[in-house]
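*Asks:* fold the following.
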Amino acid sequence: MLLFDLFRDTRRAWLIGLMLLGLPSASVAAPQALSRLFIPPSPDEIEDVELDWASRPVDIEGFQVEAVGLGSSNERVEIVSHLSGGDRHFAAIRFPQDYKPGQPHPALILCHGGLNGVSVNEAANLLSTFPGQCVDDNYFILMPSYRGEALVSSFAGPFLSEGETSFADRDVDDVRSMLSVVLMQYADIDDARVAAWGISRGGATAMLLKARDPRVRRVVDLFGFTDLSLPSVQAEAFDIVNNGATPTGIGRVIYEAAVSPWLNGTMTLGEARLAWIRRSPVFFVDNLAPIQIHHGLQDLSVEPAHSISLLDELSALNLPAGEVEGYLYPNGAHGLNSLLGQGSRVESFLCDLQFGPSGYCGPMSVNGSGLVASADYRGSGSISRNDLRFVVNDAPAGSAGLVFMAPRPAYFPSGGGFVCVGPGTTRIGFGGVNAEGMFEFPVDLQSSHPAASFLNVGSSAYLQLVYRDPGNPNGFWNFSNGLVVPLEP
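*Replies:* Numbers count the residues shown, from 1 in each chain. Below is the predicted model of the structure:
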């Protein structure tokens, strides 16, 4: 009884201190004050978040291979590190079982759940739910840790990423930085076929990654939180503030990200609101598709309303068939194995990447910058939309290049590299490489040029960039790998 009285008196003194400082009182004013915190975001606030995202640099510095070993199925695994915001962060790169050096392979970014780091074994846990071998055989799996958390491997021990935790916000910065350096260093990862998968906290991270980074083609979300202003989240915040509940799970995310910094005066109300808005994918649905969503209706950690509200927002966009898939499991809880049948659905969705635009051709030659120029794209292969933009990454900055298109592929040496476009090739344009080593060119899929007569639904266009490469000792020009684009209605 004395301990309770002491706690009660101490808490009363703390509340009086808050009132004297002009801060919201946890026992009297907090529920009303927290309601102000969770008012739905305005268009200006959404724009403020997007402007903040656009201002954040994607670091491509400090890459190191820290360790090399074997995974649980004797596949090659490399532990790598990079710099993100000046801090060193770690990731694991799991090679495909059917790895073919010099050939482009798709990649899956595994965004882990929980709040305490990731193990290399998480890749095996995911693959064990798939009935087939598509991902296991063909995909690189990229497993980032997040700042302030550990990456654990059986062959090299733990690696602790630097920096302070920033659940589902700076997490995304770290993953984007990791992806950039890995695509530069691993030429056999196909820039045009990158997907993301995330569970719980990692589901939110994967969705926000997709919203912020056009290099991610599709995303799978397993019971990730989508809206940190839902009544259930507010109730957890109230319980922590009013009743002294221990912050765990989604309650810890909202408390550490927004509630505590506002109540202790280190954030203004406006800053705290932006803190939870930028962690809520439901407000940034325009760039989320293609997406597949899974949620158990018995989930007590992240209530199903998160996925249901997200599906409602995506439905309002009237996207083409197949762009959004949602699965709700009547007996599913907050666990991967409780969602019966999800593995086959996820694997099929991920492996559909092979039916869209993809890199081909190789091995290719490094350029004067020491990198392989990699084909990529924006938009789609739809003739009616006609929104395809051919992109090449890691070309020499300030160089210039010509874009060629053909109805068939090829592979033979020329200059300092290899030609990947075959008979019927035509030049369709030229342009310059920017300071970041990126080349971008709009491709007219409705062209009436005689040489483009093959641009019909059901056929494919093969694209390649030829660029000046004065630093290459084998020739003054070089080539990106090719991009094959299956043409759709």
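*Asks:* any weak-confidence spans in the protein?
*Replies:* 1-32 (pLDDT under 70).
*Asks:* gap between the residue nearest the centre of it and Val58?
*Replies:* Centroid-nearest residue in the chain: Leu209, 3.4 Å away (criterion: C-alpha atoms, centre = their mean). Distance from Leu209 to Val58, counting by C-beta to C-beta, to the nearest Å: 12 Å. In this view, the C-beta of every residue, glycine as well, is placed from N, C-alpha and C.
*Asks:* quick check: neighbours shared by those two?
*Replies:* Counting by C-beta atoms under 8 Å, 6 or more residues apart in numbering, the common neighbours of Leu209 and Val58 are Arg176.
*Asks:* what is the helix or strand harbouring the residue nearest to the centre of the chain packed up against?
*Replies:* Using DSSP states H and E, Leu209 falls within helix 201-212. The elements that helix 201-212 packs onto, with contact taken as 3 or more C-beta pairs under 8 Å, 6 or more residues apart in numbering; DSSP states H and E, are strand 105-111, helix 170-185, strand 189-199, strand 218-222.
*Asks:* give me the buried stretch members for the third one, please.
*Replies:* Right, the one you point to is strand 189-199. Under the neighbour-count criterion of 16 or more other C-beta atoms under 10 Å, strand 189-199 has 189-199 buried.
*Asks:* between those, which is nearest Leu222?
*Replies:* Nearest to Leu222 out of the buried residues of strand 189-199 is Ile199 (C-beta to C-beta; 4.4 Å).
*Asks:* what pairs with the closest one across the strands?
*Replies:* Leu222 (DSSP bridges).
*Asks:* got the contact list for it?
*Replies:* Ile199 makes contact with 111-113, 222-224, 336, according to C-beta under 8 Å, 6+ apart.
*Asks:* JSON lines for those, including neighbour count and distance to Gly85?
*Replies:* Formatted as JSON lines, the contacts of Ile199 follow (neighbours: other C-beta atoms under 10 Å; distance: C-beta to C-beta, whole Å):
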{"residue": "Cys111", "neighbour count": "32", "distance to Gly85": "18"}
{"residue": "His112", "neighbour count": "26", "distance to Gly85": "20"}
{"residue": "Gly113", "neighbour count": "23", "distance to Gly85": "23"}
{"residue": "Leu222", "neighbour count": "28", "distance to Gly85": "28"}
{"residue": "Phe223", "neighbour count": "30", "distance to Gly85": "29"}
{"residue": "Gly224", "neighbour count": "29", "distance to Gly85": "23"}
{"residue": "Leu336", "neighbour count": "19", "distance to Gly85": "31"}
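*Asks:* which of those residues sits closest to Ile308?
*Replies:* Nearest member of the contacts of Ile199 to Ile308, counting by C-beta to C-beta, is Phe223, at 11.5 Å.
*Asks:* how close does that closest one get to Ala204?
*Replies:* In this view, Phe223 and Ala204 are 10 Å apart by C-beta to C-beta.
*Asks:* cool, and Gly249?
*Replies:* Applying C-beta to C-beta to Gly249 and Ala204 gives a distance of 12 Å.
*Asks:* Gly198 too?
*Replies:* 7 Å.
*Asks:* quickly list what's touching both of the two.
*Replies:* 221, 224.
*Asks:* ok, the closest residue to Gln234 other than its chain neighbours to Trp262 distance?
*Replies:* Sequence neighbours aside, Phe38 is the residue nearest to Gln234 in space, at 5.4 Å (criterion: C-beta to C-beta, 6 or more residues apart in numbering). Using C-beta to C-beta, Phe38 is found at 11 Å from Trp262.
*Asks:* what touches both of the two?
*Replies:* Counting by C-beta under 8 Å, 6+ apart, nothing touches both Phe38 and Trp262.
*Asks:* after the helix or strand encompassing Ile254, which helix or strand is next?
*Replies:* Per DSSP H and E: Ile254 is located in helix 249-254. Downstream of helix 249-254, the first helix or strand assigned by DSSP H and E is helix 260-263.
*Asks:* appreciated, that's everything.
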